[in-house]
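Asker: Using only what follows, build the 3D model:
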Amino acid sequence: MKSSNFKDIITFFLIFNLIFLIGCNSKHSENKLKEDELIQQSDTTLKEQESSVHIEKQDNKLIGSAFLLNTYCEIIIYNKNDENLIYNTFELCRNYENQLSCKILSSEISQLNSRTINQVSDSTIELLQEALAFSALSDGALDITIGAVTDLWDFTSDSKIVPLSENIQKALETVNYQNIYLNDNQVIFSNAETKIDLGAIAKGYIADQMKVYLVEQGVKSAIINLGGNVLCVGTKEDNVGFTIGIQKPFEEGYVAGVHLNNFYQSVVTSGIYERFFEKDGNFYHHILDPKTGMPINNNLASVTIISKESTTGDALSTACFVLGLDKGMELIDNLDNVHAIFLDQDGNIYLSEKLSEELQIDTL
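Answerer: Next up, the predicted model:
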């Protein structure tokens, strides 16, 4: 693997150590929670308070930041001095969060999980269809029915609780993406206890929808960064693609830089350093194996997917991490228009077969 000068790399994003939690209100009013129940949703209220948007002007760009999706998000818009674009794009993000998060009790996903509704909006169905397709493609390495297992783990507080093995085994009995059947806008569960968790794909989907909105508003150059899911709009002023840095695990700095172009605009990384805790000398991270319910232990530190759309990158970064280096790389090498960078815990970097042919990669 060749290494080249990295000094010209624009390193504009940080990958934060927080969990993917996404969400939104059901469009079917008859299935909404009662108003008094909504008032009790303190988690939603807290999110709204934390989601105030900060905007600053810097040379030819507007930089907006907000706390959404339980992480710090950033939008950079070039050569368009319209602050409403920032506010409206973050509002779109917030709406999708309220729709898709299994952690917000009024969301469509939470209501599906509690079986209080079985009909959902078009966008939720669209995402569920994509998620199930990636579940099948990866032979269940990505499995959105892992909700009962993820409910047992908490990587966002200082609790450091390792679930009892018997509780994990019971939860695993509900995990199988084939337990879900979609009929138009209806979601049918074949297992009464199966729960959906879209944390491995929803943030990518939301980034894609934010980009669609910005493009519709005439934005030609921008960066969307949802806590490490980076999606670009267009190119820089000189018509050169943006360059994205791949973070070093557990420390400042970058191990590589990816020079994007007008086609490849998404870079998504899943890593063990994002959300984790240590207890009794053992290390536990948030990327769980749908077959064991435990954090994956395969010597990988991170998997980065470079693709056109962020939904693809989000889903495959998790799936390939679970599959491991050999099977994960085999999957990527058999897909069109998708590339990957695998980083192991010994600091070794592995590139997918055709990556260097299509994009310039700088490694340190």
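
Asker: roughly how far apart are residue 194 and residue 200?
Answerer: From residue 194 over to residue 200 the distance is 16 Å, taken as CB to CB, to the nearest Å. C-betas here are computed from N, CA, C, even on glycine.

Asker: More neighbours: the two, which one.
Answerer: Neighbours were counted for residue 194 and for residue 200 using other CB atoms under 10 Å; residue 200 has more, 28 against 21.

Asker: Distance-wise, check the residue nearest to that one when sequence neighbours are not counted relative to residue 311.
Answerer: Using CB to CB, 6 or more residues apart in numbering and skipping residues adjacent in sequence, the residue nearest residue 200 is residue 318, 4.0 Å away. Distance, residue 318 to residue 311, by CB to CB: 12 Å.

Asker: hey, what's in contact with both of those two?
Answerer: residue 201 (CB atoms under 8 Å, 6 or more residues apart in numbering).

Asker: that older thread, I figured the residue nearest to residue 200 hits residue 287, correct?
Answerer: Yes. Between residue 318 and residue 287 there is a contact at 6.6 Å, judged by CB atoms under 8 Å.

Asker: Between those two, tell me which one has more neighbours.
Answerer: Using other CB under 10 Å as the criterion, residue 318 and residue 287 rank with residue 318 on top: 27 against 22.

Asker: That one: helix or strand, and which one exactly?
Answerer: Assessed by DSSP states H and E, residue 318 sits inside helix 310-323.

Asker: now the next helix or strand along the chain from that helix against helix 310-323, angle please.
Answerer: Heading C-terminal from helix 310-323, the first helix or strand you meet, by DSSP H and E, is helix 325-333. Going by axes from the mean of the first three to the mean of the last three CA atoms, to 10 degrees, helix 325-333 is angled at 150 degrees with respect to helix 310-323.

Asker: Quick check: next helix or strand after helix 325-333?
Answerer: Per DSSP H and E, the helix or strand that comes after helix 325-333 is strand 338-344.

Asker: Can you list the strands that that following strand pairs with?
Answerer: Sheet pairing here is set by DSSP bridges, and for strand 338-344 it gives strand 300-307 (antiparallel), strand 349-351 (antiparallel).

Asker: per-residue confidence at the residue nearest the centre of the chain?
Answerer: With distances taken as CA atoms, centre = their mean, residue 203 lies nearest the centre of the chain, 3.9 Å away. Predicted confidence (pLDDT) for residue 203: 97.

Asker: which SS state does the nearest residue to residue 254 once chain neighbours are set aside fall under?
Answerer: Sequence neighbours aside, residue 245 is the residue nearest to residue 254 in space, at 3.6 Å (criterion: CB to CB, 6+ apart). Using DSSP: H, G, I helix; E, B strand; the rest coil, the structure places residue 245 in strand.

Asker: burial of residue 245, as a residue count?
Answerer: If we define neighbours as other CB under 10 Å, then residue 245 has 23 of them.

Asker: who's it bridged to?
Answerer: Bridge pairing for residue 245 - DSSP bridges - gives residue 257.

Asker: Over to residue 62?
Answerer: residue 57, residue 77.

Asker: got the contact list for the helix or strand hosting residue 214?
Answerer: Element membership for residue 214 (DSSP H and E) is helix 202-216. Contacts with helix 202-216, where a contact means CB under 8 Å, 6+ apart, come from 20, 22, 69, 75, 77, 85, 88-89, 92-93, 96-97, 100-101, 123, 127, 130, 222, 224, 226-227, 229, 231, 233, 265-266, 268, 309-315.

Asker: Mark which of those residues are buried, thanks.
Answerer: 20, 22, 69, 75, 77, 85, 89, 92-93, 96-97, 100-101, 123, 127, 130, 222, 224, 226-227, 229, 231, 233, 265-266, 268, 309-315 (16 or more other CB atoms under 10 Å).

Asker: quick one: average pLDDT of stretch 350-363?
Answerer: Rounded mean pLDDT across stretch 350-363 is 94.

Asker: Would you mark the buried spots in it?
Answerer: 350, 351, 352, 355, 359, 361, 362, 363.

Asker: was I right about the fifth one contacting residue 265?
Answerer: No. With the criterion set as CB under 8 Å, residue 359 and residue 265 do not qualify as a contacting pair; they are 11.3 Å apart.

Asker: returning to that earlier point: please identify the buried residues of the helix holding residue 214?
Answerer: Neighbour-count burial for helix 202-216 flags 202, 203, 204, 205, 206, 207, 208, 209, 210, 211, 213, 214 (criterion: 16+ other CB under 10 Å).
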